[in-house]
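K.L.:
Below: sequence and its predicted model.
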Amino acid sequence: MLKKGSNVIIYIISLYLLSWSLKIIFGFYHIPSESMAPTLEKDDWIFVSKFPFVFRSPEYYPLTKINFPYWHSGTIINPKNDDLITFVYPISKQKHPSERSTLIKRCIGLPNDTLYILPSGDIITKTGIYRPKTMSDGGYSKVKSIQIFSEQDTINLSSLSIQKLKDHKFLSTKWNIVGIKANYLSFSIDNITMIVIPKKGMNINLLNSNASRWTELIGRDINIYDEKETSKIKIDSIITNGNYSFTQNFYFFIGDNMFNSDDSRIWQSVPEKLIIGKVLFQFRWNPLKLNRFKWLG
């Protein structure tokens, strides 16, 4: 028969192990901004399933705020288009994930996808065209076709036949190959940007003309927690070598409030080892709000 002291020790150990397990399996996160409105409003909370989507170490030792050595297996169940995903802010200068911001965005681009961002803000993807809207109109809409007006022509675009855009005589020489950031400087047709999302095993040839476009993504792929000086030495060596093969899958994310979202249009694609998990449901503490619980998974 166990003594009372032994029972207390077993209880404490069990509580500690349970806390550890819960940090690996799921998490609760607060929404601090309107970037995902109206899907998620400011001060909402979300329940995120980490495992089995990813298998990663917790940020802290259980029941403490002490950083735990970080480890991430990569994605086990890969994100799909339109999934709501939480991930670590990709351009933070902090080394450990516990010191970085956690973001939630909508996935609209998968590894090896090619996206086209128009000067109007429309994003052409394989599954549809994401068009910015005011928050009162839903933040964005997903449509199958749009029209581009140029001085010479009106071009019908379909998400199922993107090649038509590239082949059109007026646009055939207008592509900004491996463009990284959206360009909203004007509504000129010249400002269409093509974005290639890296896939694990994708090989790229690095030339003087394109190396700078890949530098940030290569840095994230090598070791996302390297010190800045170490990363620069590694990247310089890779560029000198002239080719690179990605070791991670990358994903492209946007906020549903497209007019007011800091997302992949600004800081590029996100490597899989920064992904935390998939959002399953939303809940609100305010009893005066409607739809206090909403399934999103």
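P.N.:
Perfect, I can see it now.

K.L.:
alpha carbons only for contacts and neighbour counts from here, please
P.N.:
Will do.

K.L.:
Just read off the phi/psi values of the nearest residue to Asn243 once chain neighbours are set aside.
P.N.:
Nearest non-adjacent residue to Asn243, counting by C-alpha to C-alpha, 6 or more residues apart in numbering: Asn205, 4.5 Å away. Asn205 adopts backbone torsions of phi -90, psi 130, taken as degrees, to the nearest 10.

K.L.:
what do you get for Ile233?
P.N.:
phi -60, psi -40.

K.L.:
what's the burial count for it?
P.N.:
10 (other C-alpha atoms under 10 Å).

K.L.:
Distance of it relative to Leu207?
P.N.:
18 Å (C-alpha to C-alpha, to the nearest Å).

K.L.:
go on, Val143?
P.N.:
Taking C-alpha to C-alpha, one finds Val143 at 37 Å from Leu207.

K.L.:
where does the stretch 101-250 of the chain have low pLDDT?
P.N.:
Within the stretch 101-250 of the chain, the stretches with pLDDT under 70 are 145-191, 223-231.

K.L.:
can you pull out the strands in it?
P.N.:
With strands called from DSSP state E, counting those that start in this stretch, the stretch 101-250 of the chain shows them at 102-109, 114-117, 123-124, 129-132, 140-143, 145-149, 154-158, 193-196, 203-205, 243-245, 250-254.

K.L.:
Just put those strands in a markdown table and tack on mean neighbour count and distance to Asn81.
P.N.:
Listed next are the strands of the stretch 101-250 of the chain as a markdown table, based on neighbours: other C-alpha atoms under 10 Å; distance: least, C-alpha to C-alpha, whole Å:
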| stretch | mean neighbour count | distance to Asn81 |
| --- | --- | --- |
| strand 102-109 | 23 | 5 |
| strand 114-117 | 22 | 13 |
| strand 123-124 | 26 | 13 |
| strand 129-132 | 22 | 12 |
| strand 140-143 | 17 | 12 |
| strand 145-149 | 13 | 18 |
| strand 154-158 | 15 | 17 |
| strand 193-196 | 22 | 16 |
| strand 203-205 | 13 | 24 |
| strand 243-245 | 15 | 24 |
| strand 250-254 | 25 | 9 |
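
K.L.:
Which one, of the ones you listed, ends up nearest to Arg213?
P.N.:
Of all the strands of the stretch 101-250 of the chain, strand 193-196 sits nearest to Arg213, with 10.6 Å by C-alpha to C-alpha.

K.L.:
Pick out the residue nearest the middle of this protein.
P.N.:
Central residue of the chain (C-alpha atoms, centre = their mean): Phe253, 4.0 Å from the mean position.

K.L.:
Who are the contact partners of it?
P.N.:
Lys105, Arg106, Cys107, Ile108, Gly109, Asp263, Ser264, Arg265, Ser269, Val270 (C-alpha atoms under 8 Å, 6 or more residues apart in numbering).

K.L.:
one more time with 10 Å, if that's ok
P.N.:
81-85, 104-110, 262-265, 267-270 (C-alpha atoms under 10 Å, 6 or more residues apart in numbering).

K.L.:
With adjacent residues omitted, what lies nearest to Ile24?
P.N.:
Pro58 (5.8 Å).

K.L.:
who's the nearest residue to Ile238 once chain neighbours are set aside bridged to?
P.N.:
Computed as C-alpha to C-alpha, 6+ apart, the closest residue to Ile238 that is not its neighbour in sequence is Tyr244, at 6.7 Å. Legend: beta-bridge partners of Tyr244 under DSSP bridges are Ile204.

K.L.:
likewise Lys142?
P.N.:
In this structure, Lys142 bridges to Tyr130 when assessed by DSSP bridges.

K.L.:
That one and Thr127, how far apart?
P.N.:
Applying C-alpha to C-alpha to Lys142 and Thr127 gives a distance of 9 Å.

K.L.:
show me what contacts Phe281?
P.N.:
Trp45, Ile46, Phe47, Val48, Ser49, Leu84, Phe293, Lys294, Trp295, Leu296, Gly297.

K.L.:
between these, which is nearest Met135?
P.N.:
The closest of these, once distances to Met135 are taken by C-alpha to C-alpha, is Leu84, at 17.9 Å.

K.L.:
ok, the closest residue to the closest one other than its chain neighbours to Met36 distance?
P.N.:
Nearest residue to Leu84, sequence neighbours excluded (C-alpha to C-alpha, 6+ apart): Arg106, at 4.6 Å. Counting by C-alpha to C-alpha, the separation of Arg106 from Met36 is 8 Å.
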